[in-house]
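J.: A predicted structure for the sequence below; I have some questions about it.
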Amino acid sequence: MPRSNTCAGCVAALLLASVTAWAQAPEPPPAMAPVVAHPLRPGIQLLSGAACNIAVWSGVDGLVVVDAGAAPTAAAVLEAVNGIAAGPTRFLINTQWHPDHAGGNEALARAGTLVVAHDAARARMNAPGVGRGERASAASSPAALPMLTFDDTITLHLNGDRLTALHVDAAQSDGDVILWWEEANIVQLGDVYDRGAYPRLDLDSGGSLAGLVAAIETVLSRADDATLVVPGHGAVSNRAELASYRDMLVAVGRSVGDLVAQGRSLDEVLAARPTEAFDAQYGRGAVSPERFVSVLYEDLAGRR
């Protein structure tokens with residue numbers, strides 16, 4: 001009997017240890033979506049599955065990549081780029097500094113790519129602690145930092161086309177760049193445009209509603225019905241959809257601004273539901289209606 005009780009105790013202890021180990025074991029990381037290339041127009045393809053939209057421009061003069069995606073997807077992005085055309089990537093242009101757009105910079109730079117971005121984007125990458133609380137980011141590694149920066153515009157003359165990078169100030173952040181392929185009639189907006197979702201407006205990085213609307217107006221003034229509009233996230237869009245997005249920003253901004261002018265508190269503004277007419281179309285993205293309104297309240301109340 002004593003021996004039997006001892007064995008039973010051993011088994012119980014082993015089971016408890018197994019259950020404890022299972023409970024404490026880290027959960028496996030979520031499966032990443034495959035990085036897939038989609039043709040846009042001759043010589044230009046779009047990569048999805050890398051945390052943001054990435055454009056790959058190829059031709060006789062070499063490869064150019066716009067945005068690098070998140071760091072965990074860097075290997076898959078490199079593989080996809082190499083599958084589009086042989087040879088090294090000559091340039092990587094960041095539309096902005098956030099890690100979902102520039103997290104893969106280091107991998108591409110170590111493969112021999114020259115990284116290009118706006119002056120303010122490099123400054124943000126090089127400064128630790130941008131953001132708040134858990135959203136605060138560490139400084140990028142030296143290898144990930146853009147080697148070539150610019151203030152207003154820069155143009156690449158390659159592959160029978162011209163790619164113009166235009167800085168739009170105080171939009172989603174203070175370092176946003178819009179890229180326009182002149183002959184192909186394609187514009188890539190980064191997070192200036194988040195199709196089907198409320199914007200990821202980053203006040204901590206110099207973003208503003210007024211600047212975001214102004215940036216979109218700049219694109220609308222040049223785009224036509226044939227322009228392919230590439231957002232930072234989501235499916236490829238067009239001028240009409242971008243204009244509707246602008247109209248939403250103006251309408252919600254005006255509603256929030258009016259309530260701020262009346263001296264309403266944030267809770268009162270949220271209770272008024274200024275986004276209600278647009279939530280079915282834009283309220284299921286990464287930014288909730290409540291978050292969007294809270295950011296607009298901070299932006300507009302702080303500018304009074």
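T.: That came in fine, so what should we check first?
J.: switch to C-alpha atoms for all contacts and neighbour counts from now on
T.: OK.
J.: can you pull the contacts of the nearest residue to His98 once chain neighbours are set aside?
T.: If you skip the residues right next to it in sequence, His98 has Met125 as its closest partner in space, 7.9 Å away by Cα to Cα, 6 or more residues apart in numbering. Each residue near Met125 by Cα atoms under 8 Å, 6 or more residues apart in numbering is listed here: Trp97, His98, Ala139, Ser140, Leu145.
J.: Leu179 and Met125, how far apart?
T.: 20 Å (Cα to Cα, to the nearest Å).
J.: no no, Asn105
T.: Computed as Cα to Cα, the Asn105 to Met125 distance reads 11 Å.
J.: spit out the residues that contact these two alike.
T.: Here Asn105 and Met125 have Leu145 as joint contacts, going by Cα under 8 Å, 6+ apart.
J.: buried set for the helix or strand containing His157?
T.: For His157, the enclosing helix or strand under DSSP states H and E is strand 153-158. Residues Ile154, Leu158 are the ones in strand 153-158 that count as buried (16 or more other Cα atoms under 10 Å).
J.: quick one: Ala271 is in a helix?
T.: Yes - residue state for Ala271 (DSSP: H, G, I helix; E, B strand; the rest coil) corresponds to a helix.
J.: just the pLDDT for it.
T.: In this prediction, Ala271 carries a pLDDT score of 98.
J.: hmm, Pro274 and Ser255 touching each other?
T.: Yes - with contact defined as Cα atoms under 8 Å, Ser255 reaches Pro274; the gap is 6.0 Å.
J.: tell me the helix or strand right after the helix or strand of the chain with the lowest mean pLDDT.
T.: Ranked by mean pLDDT, DSSP states H and E, the weakest helix or strand in the chain is helix 2-24, scoring a mean of 37. On the C-terminal side of helix 2-24, the closest following helix or strand by DSSP H and E is strand 36-41.
J.: re the thing from before, most neighbours out of the contacts of Met125, which is it?
T.: Neighbour counts for those were taken using other Cα atoms under 10 Å; the highest belongs to Trp97, with 27 neighbours.
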